[in-house]
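>>> coordinates only, sequence not included:
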């Protein structure tokens with residue numbers, strides 16, 4: 001079962017890397033906002049997976065708070081982009 005966790009975490013790390021590249025390279029602010037939201041979702045899923053892997057359920061609570069803060073952050077960025085255009 002540990003090999004499954006390692007494979008999934010590796011794929012999540014690859015997704016984070018690709019999201020970071022889009023965040024750095026993204027031609028528009030909207031692309032950067034979407035990349036940031038994608039990285040936030042992947043990091044939240046990684047926290048949940050680590051919580052299950054280590055049997056430490058506090059990570060799931062931290063992931064929930066991180067997801068709410070990430071959602072609020074994306075809403076704020078979207079409002080800012082909407083007013084800038």
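That came through, no problem. Because the structure is a prediction, the values reported are computed rather than measured. Numbers count the residues shown, from 1 in each chain.

>>> can you map out the helices along this structure?
Counting by DSSP state H, the chain has helices at residues 2-25, 29-54, 58-84.

>>> just the terminal-to-terminal distance for stretch 48-60.
Stretch 48-60 stretches 5 Å from its first residue to its last (C-alpha to C-alpha, to the nearest Å).

>>> I'd say residue 8 and residue 50 touch.
No: using C-beta atoms under 8 Å, residue 8 is not in contact with residue 50; the gap is 10.5 Å. Where you see a C-beta, it was placed from the backbone N, CA and C, and this is true even at glycine.

>>> pick out the residue closest to the middle of the chain.
Residue closest to the average C-alpha location in the chain (C-alpha atoms, centre = their mean): residue 40, at 1.9 Å.

>>> now that one: closest residue in space, sequence neighbours ignored.
Using C-beta to C-beta, 6 or more residues apart in numbering and skipping the chain neighbours, the partner closest in space to residue 40 is residue 70 (3.6 Å).

>>> give me the number of residues near the nearest residue to residue 74 once chain neighbours are set aside?
Among residues not flanking residue 74 along the chain, residue 37 sits closest, at 4.7 Å (C-beta to C-beta, 6+ apart). Residue 37: 17 surrounding residues under other C-beta atoms under 10 Å.

>>> I'd like the distance between residue 37 and residue 19.
Here residue 37 is placed at a distance of 9 Å from residue 19 (C-beta to C-beta, to the nearest Å).

>>> residue 78 now?
Applying C-beta to C-beta, the value for residue 78 to residue 19 is 17 Å.

>>> which ones are touching residue 74?
Counting by C-beta atoms under 8 Å, 6 or more residues apart in numbering, residue 74 makes contact with 33, 36-37, 40.

>>> contacting residues around residue 67?
40-41, 44.

>>> one more: residue 48?
Neighbouring residues of residue 48 by C-beta under 8 Å, 6+ apart: 59-60, 63.
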